[in-house]
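Student: I need the structure of the sequence given here:
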Amino acid sequence: MSTRESALAALKALLAAALPGADVKRNVDVPQSVGPGGLAVLRDGEPGEPEVSLSPPLYAFDHRAELELYIERRDDTEMVLDALLADIGDALAADRTLGGRVDHCEPTAPTLEPLSGDGGDPLRVARLSILLIYVTASPLG
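Tutor: Predicted structure coming up:
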């Protein structure tokens, strides 16, 4: 398994542990409805151009994975999203290396926006990037 795939799998596992009431998926279509605990969608994002060092060849990536948190709009929408984001922040702060899969990971500030599904209940979505910094011997990650 590549370093890139190992890092993304470890991030998904961390998110699933941090959000036990939410459904955590990777690279799925935008939902029309979500369960009561919310839905977290991890998107692989962009690894960017690596910094290369030679002898031996090493490739240092600043990979930006994207995370989308969806919840159905209700009276306590903002508080629920805030709690989910806090749980994610706490989990990342407790394990910045994702169990040794990356050198460091860091979330960005979220953006919050409404989202209306086709005929479904309106959703609220929080989007943020999670920077994964890792070094690998392959330019393929």
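Student: low-confidence ranges, the protein, go.
Tutor: Within the chain, the segments meeting pLDDT under 70 span 116-121.
Student: quick one: the strands in it?
Tutor: Secondary structure of the chain, counting by DSSP state E: strands at 23-26, 39-46, 51-53, 58-72, 104-107, 111-115, 123-136.
Student: the ones you listed into a markdown table, with extra columns for mean neighbour count and distance to Met1?
Tutor: Quick note: C-beta positions are derived from backbone N, CA and C, even for glycine. Shown next, in a markdown table, are the strands of the chain (neighbours: other C-beta atoms under 10 Å; distance: least, C-beta to C-beta, whole Å):
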| stretch | mean neighbour count | distance to Met1 |
| --- | --- | --- |
| strand 23-26 | 17 | 15 |
| strand 39-46 | 19 | 14 |
| strand 51-53 | 11 | 22 |
| strand 58-72 | 20 | 15 |
| strand 104-107 | 16 | 18 |
| strand 111-115 | 12 | 31 |
| strand 123-136 | 20 | 11 |
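Student: is it possible to export these to JSON lines including distance to Ser2?
Tutor: JSON lines is the format used below for the strands of the chain (distance: least, C-beta to C-beta, whole Å):
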{"stretch": "strand 23-26", "distance to Ser2": "15"}
{"stretch": "strand 39-46", "distance to Ser2": "12"}
{"stretch": "strand 51-53", "distance to Ser2": "17"}
{"stretch": "strand 58-72", "distance to Ser2": "11"}
{"stretch": "strand 104-107", "distance to Ser2": "17"}
{"stretch": "strand 111-115", "distance to Ser2": "29"}
{"stretch": "strand 123-136", "distance to Ser2": "7"}
